[in-house]
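Q: Just need the structure, nothing else, for what follows:
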Amino acid sequence: DGNEGSQLGNAAKTTMQWIARLLHVDQANLEFGLVHRSIEVRGTTTNIPLKPDAARDSRDALSKSIYGQLFDWLVVRINHSLQGGANPWAFLGLLDIFGFEIFEHNSFEQLCINFTNEKLQQLF
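A: From the prediction side, this is the model:
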């Protein structure tokens with residue numbers, strides 16, 4: 001019926017204002033981009049409102065992209081700062097443990113992996 005699109009509530013608009021300022025982007029464009037998808041056919045662009053589930057997926061995809069880019073930038077900065085320094089012994093180690101795997105049937109090997117992960121987390 002044309003009213004199936006998503007809209008931001010007042011609290012979300014306040015948050016969006018803060019996010020837009022941090023990203024140095026126009027707030028209205030950011031909001032529009034998160035709740036619409038655009039299709040271009042023969043030079044004509046059509047904007048289609050996203051249903052709430054699709055809008056949440058859009059938000060999550062943007063968050064994951066920003067997080068991934070920030071992580072990559074941080075790794076480059078850390079590596080650059082550690083190269084050729086006065087302290088060749090200095091290094092930064094990262095341990096990324098996702099946590100326990102959940103399977104319908106856990107094997108002994110999975111128990112060993114989970115146990116080892118927990119022990120490694122205690123060390124770091």
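
Q: For the rest of this, base every contact and every neighbour count on C-alpha atoms.
A: Fine.

Q: Just the buried positions in stretch 117-124, please.
A: Residues residue 117 are the ones in stretch 117-124 that count as buried (16 or more other Cα atoms under 10 Å).

Q: Average pLDDT for it, rounded please.
A: Per-region confidence: stretch 117-124 scores 71 on mean pLDDT.

Q: same deal with stretch 76-89?
A: 71.

Q: Just give me how far the one helix or strand residue 59 maps to sits from the chain centre.
A: Assigned by DSSP states H and E, residue 59 belongs to helix 52-82. Distance of helix 52-82 from the chain centroid (Cα atoms, centre = their mean, to the nearest Å) equals 5 Å.

Q: now do stretch 31-44
A: 22 Å.

Q: Only C-alpha atoms, please: export it in CSV.
A: The C-alpha trace of stretch 31-44 is given here as CSV (Å, rounded to 0.1, in the frame of the first residue of the first chain):
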residue,chain,number,x,y,z
GLU,A,31,19.1,8.6,6.9
PHE,A,32,17.7,8.3,3.4
GLY,A,33,20.4,5.9,2.4
LEU,A,34,19.7,3.6,5.4
VAL,A,35,15.9,3.3,4.7
HIS,A,36,15.9,3.3,0.9
ARG,A,37,17.5,1.3,-1.9
SER,A,38,18.1,2.8,-5.3
ILE,A,39,17.7,1.2,-8.7
GLU,A,40,18.9,2.8,-11.9
VAL,A,41,17.3,1.6,-15.1
ARG,A,42,18.1,3.3,-18.4
GLY,A,43,19.4,6.4,-16.7
THR,A,44,16.4,6.8,-14.4
